[in-house]
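Colleague: Build me a model:
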Amino acid sequence: MSFAALAAVSKMRAGSAAEKLIALAYADRHNEETGCAYPSLAWLCEFGSLNRKTVIAAVARLEAAGFLTDTGDRQGNTKQIKVYRIDLESIPKAEPSHKRNRTESGTVPKTAAEQSQKRDTDTVREPTSPKASPSPKRARSTEPKLKPFRLPADWRPTRFPDGTVAREVADRRGRDWSRAAVESFRLWAANADDKDGVGRKLDWQAALAKWIIEQDKRDGRSGNGRVGGNGSGGDRTLGAMQDFVSGGPVD
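Modeller: This is a model prediction of the structure:
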C-alpha cells in the first residue's frame with residue numbers, strides 16, 4: 001500500500017465514481033519502489049463492488065488518461081494479469097471550490113441582491129405539463145447485468161463475518177479441516193459443469209460458505225467427522241483459523 005498514492009488519488013477529479021474506485025484500488029496495491037501495481041480483475045470487482053464490464057471499462061479509461069500504463073509484464077498463474085505503472089502526476093486534480101462554482105460562461109455567480117433583482121424581472125414560466133415527464137416505468141438502468149463467472153485461478157477466500165454459520169463451523173472444525181474443505185471446493189469448481197448456477201457463480205464467497213456448512217452436515221451424517229483428516233480438527237481456537245478467515249494461504 002502506498003499512502004502517497006492514496007492521498008493523490010483521493011483528490012482526483014474522475015469522470016465517474018467507478019473510475020475513482022478503481023484508481024483507489026490500484027493506489028492500494030501500488031508499490032512505491034517499482035511504481036507498479038497488478039491487482040486481479042476479481043479483486044478489483046470485489047474492492048469496488050462492481051461487475052466485470054464496469055471494471056474493465058474504468059481501467060481502459062484510466063489507461064487512456066495516462067494514469068495507468070501497461071508495462072507489458074504479466075503476473076499470476078496464467079500470466080493474464082497486466083502489470084500497470086501508475087503515473088501520479090497525470091491524475092486530474094479536483095478544482096478549487098470557487099472555480100467549480102463559476103457558471104459555464106466563466107463569470108462568478110451573482111450576489112444575492114442581483115439574483116433577487118433578476119427573479120423580479122424574469123417572466124413567469126408556464127408550469128410543465130405532467131405529461132411531459134417520462135413515466136418511471138419506462139426508465140431503464142443502463143448498468144450492465146452482472147453475469148455468473150468461473151472461479152478465477154487467483155481467487156482466495158475472505159474472512160467469514162462474525163456470527164455467521166460458516167464462521168462458526170470453520171472455528172469449530174479447525175484450520176486443517178477448513179483447508180481441506182477449501183481445497184475440495186476448488187477441485188469441485190474446476191471440474192463443475194460450465195453452467196450458470198453450477199460451474200459459474202455470481203458470488204463464489206457465498207458458494208464457499210454454503211459448501212463449508214453442507215460439508216459439516218455430511219460429516220455429521222457419515223459419522224467420520226473429517227474432510228481429508230482424522231476428525232480431530234486440530235486446534236479449534238479462533239487463532240488457529242487466522243490463515244483461512246483472513247484470506248491467508250490456503251493452497
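Colleague: Parallel or antiparallel, list what pairs with the longest strand along the chain.
Modeller: Secondary structure of the chain read by DSSP state E shows that its longest strand is strand 68-75. Strands that pair with strand 68-75, judged by DSSP bridges, come out as strand 81-86 (antiparallel).
Colleague: what's in contact with the partner strand?
Modeller: 5, 26-27, 30, 35-41, 63, 67-75, 154 (CB atoms under 8 Å, 6 or more residues apart in numbering). Quick note: C-beta positions are derived from backbone N, CA and C, even for glycine.
Colleague: Of those, just the buried ones, ChimeraX syntax please.
Modeller: The following ChimeraX line selects those of the contacts of strand 81-86 that are buried, judged by 16 or more other CB atoms under 10 Å:
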select :5,26,27,30,35,36,37,38,39,40,41,67,68,69,154
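Colleague: Only the C-alpha atoms, please, for the helix or strand harbouring residue 210, written as PDB.
Modeller: Element membership of residue 210 [criterion: DSSP states H and E] is helix 204-222. Taking C-alpha atoms only, helix 204-222 is exported to PDB below (Å, rounded to 0.1, in the frame of the first residue of the first chain):
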ATOM      1  CA  TRP A 204     -18.000 -17.500  -5.000                       C
ATOM      2  CA  GLN A 205     -17.500 -16.500  -1.400                       C
ATOM      3  CA  ALA A 206     -21.200 -17.200  -0.700                       C
ATOM      4  CA  ALA A 207     -20.800 -20.500  -2.500                       C
ATOM      5  CA  LEU A 208     -17.900 -21.500  -0.300                       C
ATOM      6  CA  ALA A 209     -19.800 -20.600   2.800                       C
ATOM      7  CA  LYS A 210     -22.600 -23.000   1.700                       C
ATOM      8  CA  TRP A 211     -20.100 -25.600   0.800                       C
ATOM      9  CA  ILE A 212     -18.500 -25.400   4.300                       C
ATOM     10  CA  ILE A 213     -21.900 -25.800   6.000                       C
ATOM     11  CA  GLU A 214     -23.000 -28.700   3.800                       C
ATOM     12  CA  GLN A 215     -19.700 -30.500   4.300                       C
ATOM     13  CA  ASP A 216     -20.100 -30.200   8.000                       C
ATOM     14  CA  LYS A 217     -23.500 -31.700   7.800                       C
ATOM     15  CA  ARG A 218     -22.300 -34.500   5.600                       C
ATOM     16  CA  ASP A 219     -19.500 -35.300   8.100                       C
ATOM     17  CA  GLY A 220     -22.100 -35.500  10.800                       C
ATOM     18  CA  ARG A 221     -24.300 -37.900   8.800                       C
ATOM     19  CA  SER A 222     -21.400 -40.100   7.900                       C
END
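Colleague: and residue 74, what does it touch?
Modeller: So residue 74 contacts 80-83 (CB under 8 Å, 6+ apart).
Colleague: Out of the residues you listed, the closest to residue 178 would be?
Modeller: Taking CB to CB as the measure, residue 178 lies nearest residue 81 of the contacts of residue 74, at 26.7 Å.
Colleague: Can you tell me the closest non-neighbouring residue to the closest one?
Modeller: Closest residue in space to residue 81, ignoring its immediate chain neighbours: residue 75 at 4.4 Å, by CB to CB, 6 or more residues apart in numbering.
Colleague: now swap in residue 42 and tell me
Modeller: residue 152 (4.3 Å).
Colleague: Need the pLDDT of that neighbour.
Modeller: The model reports residue 152 with a pLDDT of 92.
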